[in-house]
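Chemist: Would you be able to build a 3D model of this:
(one chain, ligands or ions: 2)
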Amino acid sequence: MASYASPSLVLLVAAAMAAVVIIVASPVVAAFPAGLPEPPFPNPWSAFQNLSGCHMGDERDGLARLKDYLSHFGYLPEAPSSSPFSDAFDADLEAAIATYQRNFGLNATGALDPSTVSQMVAPRCGVADVINGTSTMDRNSSAAGAHGRHLYTYFPGGPMWPPFRRDLKYAIVATSATSIDRATLSAVFARAFSRWSAATTLQFAETASESDADITIGFYAGDHGDGEAFDGPLGTLAHAFSPTDGRFHLDAAEAWVAADGGDASSFPGAVDLESVAVHEIGHLLGLGHSSVQGAIMYPTIRTGTRKVELATDDVQGIQSMYGTNPNFKGVAPTSPSTSSREMDSSAGAECRPGSGFVGAVVAVGLLLLLPL
Ligand SMILES: [Zn+2]
Ligand SMILES: [Zn+2]
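Modeler: Ligands and ions are numbered 1, 2, ... in the order given. Coordinates of the predicted model:
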């Protein structure tokens, strides 16, 4: 029998070899969960786009779900189970949307204009913006300062790690739901913690012992027992609890990328793990959300972007709680290109067409699935 290689197999092997070369040459690690469709990924909030243009007095299918969303992030009280939200655009919804718009620097019209809807569907942190009816992002709060420029916030009551706890230990405890290797995770979280220790008197060290850890980090899918179920790709990305709880959970269903100073935009539709980690550590230390678009503690992050440098607002917030590291070199000047890319509202949570990287990763996946 003549021996030959099928043309399709040769192509696949060539594609796989090319992919391996690309992956080896790149410091970026991607962990796309099994079963994740190709970009654009389904966005759990995309139906809100059908509500664009709605205003007071309207009745529209889907407004009840938008009220659930606003309630989740603290802008509306929870609906009693005996009387779920209706699809009526009432005065309470108008007031909730206006508060949301003020928090995100949008025109506070109380109507669902396109820029408001675009902001609402952006992937974000699961921690509420308004806690116990107090807008933690209120621009007129006492934290806003004389010129309204510094908008960092605390959780209600200002919980923080006590003065005798300046050396905190963290453990990476739940990794079975992610394919990012352990060494990469250790490096990513160490870099994320170092952003905060550079500015303050806090020190962080990884420990292998969960019982020894002040902070625990893990990847979880869906309902994972703390009443804050994750929602699949996009939507909420992660959440963390205020001091001294120490729990930090990441949605295992996201297409996470772990970039070592690399460019997360190589993976459209994917979320930069280190950027989200720096944000959630802010919560673990006691910071709430900020209205400053360039701040780490701003609630949303666009896909394919990397944002790991503390802004002045973050530094002032954390130093007001834990003091200043005498070796802190200050905040790097803000790059206008970074902030404009970050806030490009047209980008929304939409994903640009797949890149070569994603194609190569998918090609390897296909090859592995082939029966040999
Ligand atoms: Zn957050
Ligand atoms: Zn959780």
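
Chemist: Can you tell me the closest non-neighbouring residue to Phe32?
Modeler: The spatially closest residue to Phe32, leaving aside those adjacent along the chain, is Ala255, at 4.7 Å (CB to CB, 6 or more residues apart in numbering). Heads up, the C-betas are built off the backbone N, CA and C, glycines and all.

Chemist: ok, what's across the strand from the residue in the chain that ligand 2 sits nearest to?
Modeler: The nearest approach of the chain to ligand 2 comes at His249, 3.4 Å away (CB to the ion). Per DSSP bridges, residues listed as beta-bridge partners of His249: Gly218, His239.

Chemist: thinking it is in contact with His239, fair?
Modeler: Yes. His249 is within contact range of His239, at 5.7 Å (criterion: CB atoms under 8 Å).

Chemist: which of these two has more neighbours?
Modeler: His249 (22 against 19; other CB atoms under 10 Å).

Chemist: What are the buried residues along stretch 251-262?
Modeler: Across stretch 251-262, burial judged by 16 or more other CB atoms under 10 Å covers Asp251, Ala252, Ala253, Glu254, Ala255, Trp256, Val257, Ala258, Ala259, Gly262.

Chemist: Please tell me the pLDDT value assigned to the second one.
Modeler: The predicted local confidence for Ala252 comes out at a pLDDT of 96.

Chemist: quick one: contacts for it?
Modeler: Going by CB atoms under 8 Å, 6 or more residues apart in numbering, Ala252 touches Pro33, Ala177, Thr178, Phe219, Tyr220, Ala221, Phe230.

Chemist: Quickly note the distance from the nearest residue to it once chain neighbours are set aside to Leu185.
Modeler: Distances taken as CB to CB, 6+ apart place Ala177 nearest to Ala252, at 3.5 Å, with adjacent residues excluded. Remark: distance between Ala177 and Leu185 (CB to CB, to the nearest Å) = 12 Å.

Chemist: Looking at the two, which has the bigger crowd around it?
Modeler: Leu185 (22 against 16).

Chemist: quick one: Ile318 is in a helix?
Modeler: Yes. The assignment for Ile318 is a helix, going by DSSP: H, G, I helix; E, B strand; the rest coil.

Chemist: which residues sit in contact with it?
Modeler: Tyr152, Trp196, Ala199, Thr200, Gly282, Leu285, Leu287, Leu310.

Chemist: Need the overlap of contacts for His249 and His239.
Modeler: Glu228.

Chemist: just the helices in the protein please.
Modeler: 7-25, 63-72, 91-103, 114-120, 182-199, 273-285, 312-322, 336-342, 356-369 (DSSP state H).

Chemist: thought Val188 was touching Asp272?
Modeler: No. Counting by CB under 8 Å, Val188 does not reach Asp272; the two are 9.5 Å apart.

Chemist: What is the neighbour count of the nearest residue to Met56 once chain neighbours are set aside?
Modeler: For Met56, ignoring the flanking residues on the chain, the nearest one in space by CB to CB, 6+ apart is Glu94 at 4.9 Å. Taking other CB under 10 Å as the criterion, the count of residues near Glu94 is 16.

Chemist: Identify the residues contacting Glu94.
Modeler: Contacts of Glu94 by CB under 8 Å, 6+ apart are His55, Met56, Gly110, Ala111.

Chemist: Could you report the neighbour count for the third one?
Modeler: This points to Gly110. 20.

Chemist: State the distance from Asn50 to Tyr69.
Modeler: From Asn50 to Tyr69 the distance is 14 Å (CB to CB).

Chemist: Of the two, give the one with the bigger neighbour count.
Modeler: Tyr69 (18 against 12).

Chemist: Now do the same contact list for the more buried one.
Modeler: With contacts taken as CB under 8 Å, 6+ apart, Tyr69 has the following neighbours: Trp45, Phe48, Met120.

Chemist: Alongside ligand 1, which residues does the stretch 51-200 of the chain contribute?
Modeler: For the stretch 51-200 of the chain, the residues found near ligand 1 under the criterion CB under 5 Å from the ion are Cys125, Val127.

Chemist: and the residue of the stretch 51-200 of the chain nearest ligand 1?
Modeler: For the stretch 51-200 of the chain, CB to the ion, closest residue to ligand 1: Cys125, 2.9 Å.

Chemist: Tell me who's in contact with that residue.
Modeler: Thr236, Leu237, Ala238, His239, Val276, His279, Glu280, His283, His289, Pro299, Thr300.

Chemist: Let me see the domain layout of this protein.
Modeler: 1-45+121-372, 46-120 (automatic domain parsing).
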